[in-house]
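Participant: no sequence for this one, just the structure:
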Ligand code: SF4
Ligand code: SF4
């Protein structure tokens, strides 16, 4: 799957910091990557048949719940492995913040992908710090702000993206598991 289309890092870096071991010891997120891989087909079936009227009202609460357990500062899977799209307003905002000319910003950090979108030249994202913090957090691209779409109808509208995101983002895995849980 095309990198820039599929994955839009990242939701947030703020909030309570939870260490990696806390994530590992959270019963629901222990071995979450293995569970997500095992349940990928079930996720696909769920997304194909999901009733928007039932699912969409639940997303805000599940989104908040997911990020009480999945901590971006202990993860950074999205920023490490994929690129957001850098739209024109993103480029203008970031180049201004970094006091660079737009052309220089593009030349330094970006390339055009097959869809004609600007994405980072290489991963991890050059703005990801060693501490997993985003060095341009306040000015980060819109895709980063919205990722992983667990509080948007994109979750249902773009099932291929949701499935891909569920393979590396514990928050997406969390929301899908909760939506699929019997009796919820
Ligand atoms: S992959 Fe998900 S949990 Fe991990 S940093 Fe990105 S948005 Fe946060
Ligand atoms: S700009 Fe920041 S939030 Fe977006 S991918 Fe890069 S490091 Fe992550």
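Facilitator: Arrived safely, thanks for sending. Remember, it's a predicted structure, so these values are computed and weren't measured experimentally. Numbering: from 1, shown residues only. Ligands and ions are numbered 1, 2, ... in the order given.

Participant: CA only for contacts and neighbour counts going forward, please
Facilitator: Fine.

Participant: run through the residues that contact the residue lying farthest from the centre of the chain.
Facilitator: If you look at how far each residue of the chain sits from its centre, by C-alpha atoms, centre = their mean, the farthest one is residue 101, at 28.2 Å. Residue 101 makes contact with residue 95, according to C-alpha atoms under 8 Å, 6 or more residues apart in numbering.

Participant: can you do 10 Å?
Facilitator: 91, 92, 94, 95, 107 (C-alpha atoms under 10 Å, 6 or more residues apart in numbering).

Participant: in which helix or strand would I find the second one?
Facilitator: Which is residue 92. Assigned by DSSP states H and E, residue 92 falls within helix 88-97.

Participant: quick one: list the elements packing against that helix.
Facilitator: With contacts taken as 3 or more C-alpha pairs under 10 Å, 6 or more residues apart in numbering; DSSP states H and E, helix 88-97 sits against helix 102-109, helix 142-146.

Participant: mind doing that once more with 7 Å?
Facilitator: In this structure, helix 88-97 packs against helix 102-109, with contacts taken as 3 or more C-alpha pairs under 7 Å, 6 or more residues apart in numbering; DSSP states H and E.

Participant: which element follows the helix it packs on toward the C-terminus?
Facilitator: Sequence order places strand 110-112 as the next helix or strand after helix 102-109, per DSSP H and E.

Participant: near ligand 1, which residues of this structure?
Facilitator: Residues of the chain lying close to ligand 1 (C-alpha under 6 Å from any ligand atom) are 9-11, 70-72, 75-78, 147-148, 168-171.

Participant: for the protein, just list every one of the strands.
Facilitator: For the chain, the strands defined by DSSP state E occupy 110-112, 118-120.

Participant: list the neighbouring strands of the last one plus their orientation.
Facilitator: To tie it back to what came earlier, the one meant is strand 118-120. strand 110-112 (antiparallel) (DSSP bridges).

Participant: I'm done for today, thanks for sticking with me.
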